[in-house]
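K.L.:
Sequence unavailable; structure follows:
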């Protein structure tokens, strides 16, 4: 029996997955969590084989929080089941040790098959992500720009796109406000723009956010 935990902010997602796997012969939903704290508590008290987790789970502020989970619970496999663009985080997540990066628009039958594959040791991600991981220097301009951006810079860019101010981003990422300003300047330079509006417009046109 594959013992899974579903960690998602949306009760309808959790309930939907629970209902689908109810009385399943191979997969059993042992627990569910609605934030990082409750997920950690579950992992400390139960033997979970696979966690199906929303990247934007409450309490998670960056990919670094996921890396901590991977380090602290090495016998548990993590599937990121999310609507967050795979181009933003999937390459880093897969390299860090996440077992799969799945978009929420897949069918539950696909999720079922992927859970079984992950349990068997298969790492699952799309061909687009594979290309980003193995990107060549001769790649197209958008790929080269994406490669130049660090994970932290992409995180800052994403929060800027959500309309958050430097101070808010600093609080979310537990960084100094001046550090966020530095990241912002780096982003402007790397994308060759001079203001925030043009920065976000260019990032969207290059499918970075």
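P.N.:
Sure, I can see it. Bear in mind that the values here come from a model prediction, so they are computed numbers and not experimental data.
K.L.:
Per-residue pLDDT of residue 87, please?
P.N.:
pLDDT recorded at residue 87 is 71.
K.L.:
does it really touch residue 208, like I thought?
P.N.:
Yes: between residue 87 and residue 208 there is a contact under Cβ atoms under 8 Å: 7.0 Å. (Each C-beta comes from the backbone N, C-alpha and C, glycine too.)
K.L.:
Give the residue from the two that has the larger number of neighbours.
P.N.:
Just comparing residue 87 and residue 208: by other Cβ atoms under 10 Å the higher neighbour count belongs to residue 208, 22 against 19.
K.L.:
So that one: helix, strand or coil?
P.N.:
coil (DSSP: H, G, I helix; E, B strand; the rest coil).
K.L.:
and if you look at residue 5?
P.N.:
Classified using three-state DSSP, residue 5 is strand.
K.L.:
what packs against the helix or strand containing residue 30?
P.N.:
Using DSSP states H and E, residue 30 falls within strand 27-33. If you count contacts as 3 or more Cβ pairs under 8 Å, 6 or more residues apart in numbering; DSSP states H and E, strand 27-33 packs onto strand 2-7, helix 11-20, helix 36-45, helix 108-119.
K.L.:
mind running it again at 10 Å?
P.N.:
Packing partners of strand 27-33 (3 or more Cβ pairs under 10 Å, 6 or more residues apart in numbering; DSSP states H and E): strand 2-7, helix 11-20, helix 36-45, strand 50-53, helix 108-119.
K.L.:
Give me the distance between the two termini of stretch 190-204.
P.N.:
Stretch 190-204 has an end-to-end distance of 14 Å (Cα to Cα, to the nearest Å).
K.L.:
The residue nearest to the spatial centre of the chain - nearest residue in space that isn't next to it in sequence?
P.N.:
Per Cα atoms, centre = their mean, the C-alpha nearest to the average position across the chain is that of residue 55, at 4.0 Å. Spatial nearest neighbour of residue 55, excluding adjacent residues (Cβ to Cβ, 6 or more residues apart in numbering): residue 82 at 4.0 Å.
K.L.:
Now for the one you found, how many residues are close by?
P.N.:
Using other Cβ under 10 Å: residue 82 sits among 21 other residues.
K.L.:
hang on, the residue nearest to the centre of the chain packs against residue 66?
P.N.:
Yes: if you go by Cβ atoms under 10 Å, residue 55 and residue 66 touch, sitting 7.6 Å apart.
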